[in-house]
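**Student:** fold the following and give me the result.
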Amino acid sequence: MKRPAIFVIDMLNDCFGHAELQRLRPSLCSSINELTAMARGADCPVIWVRQEFEPDLSDAMLDMRSKNIHLFIKGTAGPLILDELDRLDTDLEVVKKRYSMFFRTDLDALLQQLGVDQIVLAGVNTHACIRMAAIDAYQRDFEVMIVRECVASKDVHHHDVTMEYLDGGVARVVALNEFKEQLLEDRAG
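**Tutor:** Next up is the predicted model:
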């Protein structure tokens, strides 16, 4: 029986300034709400992953510092999770400083504490933070699933290329209904 954890990555106000993500926002949020409700019903942890930086950019990525890009700034609405997403007090949160949710966070210890052996990914941007999370989880010997309806990117071409690249190697791309079936099988078994 698998012990999955659901990770919802960077569903943040600052990410949805792009036209493509704004267009996908209603369906993406609806699918993520369905996924997290399913997970909670099966007693799987839901972990929200957010990017957040200090106002002086001292902890920001190199290109942000060199180009003076102020996104995901602590104390502003930018790094906050979209209001239409259903969050519970029992959900967990990881704040990251780079594309990977594993880089210099306490996530390894948290996953061990939770007894997780399967990482299920949702959120944005597929070609960057989702890809890095999938690869880093795979390198830690976790089974990785990406729920097709629950990921998107501001760049459609790179989203498609990334999904094709990850599926069947680093991760298994599944439909929301397929993931629901797995949860039901695991609970019955």
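**Student:** would you map the strands across the chain?
**Tutor:** Remark: strands assigned in the chain by DSSP state E are 4-9, 46-51, 92-96, 118-124, 143-152, 172-174.
**Student:** residue 24 against residue 152, yeah?
**Tutor:** Yes - using Cβ atoms under 8 Å, residue 24 is in contact with residue 152, at 4.8 Å. Using the backbone N, CA and C atoms, a C-beta is placed for each residue, glycine as well.
**Student:** what are the buried residues along the longest helix along the chain?
**Tutor:** Assignment by DSSP state H gives helix 19-41 as the longest helix of the chain. The neighbour-count check on helix 19-41 (16 or more other Cβ atoms under 10 Å) flags 20-21, 24-25, 28-29, 31-36, 38-40 as buried.
**Student:** what's the closest of those residues to residue 184?
**Tutor:** Closest to residue 184 out of the buried residues of helix 19-41 is residue 38 (9.3 Å), distances taken as Cβ to Cβ.
**Student:** and the pLDDT at that closest one?
**Tutor:** Per-residue pLDDT puts residue 38 at 94.
**Student:** which residue, other than its chain neighbours, is closest to it?
**Tutor:** residue 180 (5.6 Å; Cβ to Cβ, 6 or more residues apart in numbering).
**Student:** count the residues that sit near that neighbour.
**Tutor:** By the criterion of other Cβ atoms under 10 Å, residue 180 has 18 neighbours.
**Student:** quick one: contacts of stretch 93-104?
**Tutor:** 7, 9, 47-53, 59-61, 105-108, 110, 128-129, 131-133, 136-137, 140 (Cβ atoms under 8 Å, 6 or more residues apart in numbering).
**Student:** and what of stretch 107-122?
**Tutor:** Taking Cβ under 8 Å, 6+ apart as the rule, stretch 107-122 contacts 2-9, 31-32, 35, 39, 44-45, 47, 92, 94, 101-102, 130, 133-134, 137, 140, 142-147, 150-151, 171, 179.
**Student:** just the buried residues of the residues you listed.
**Tutor:** Buried by 16+ other Cβ under 10 Å: 4-9, 31-32, 35, 39, 44-45, 47, 94, 101-102, 130, 133-134, 137, 142, 144-147, 150-151, 171, 179, out of the contacts of stretch 107-122.
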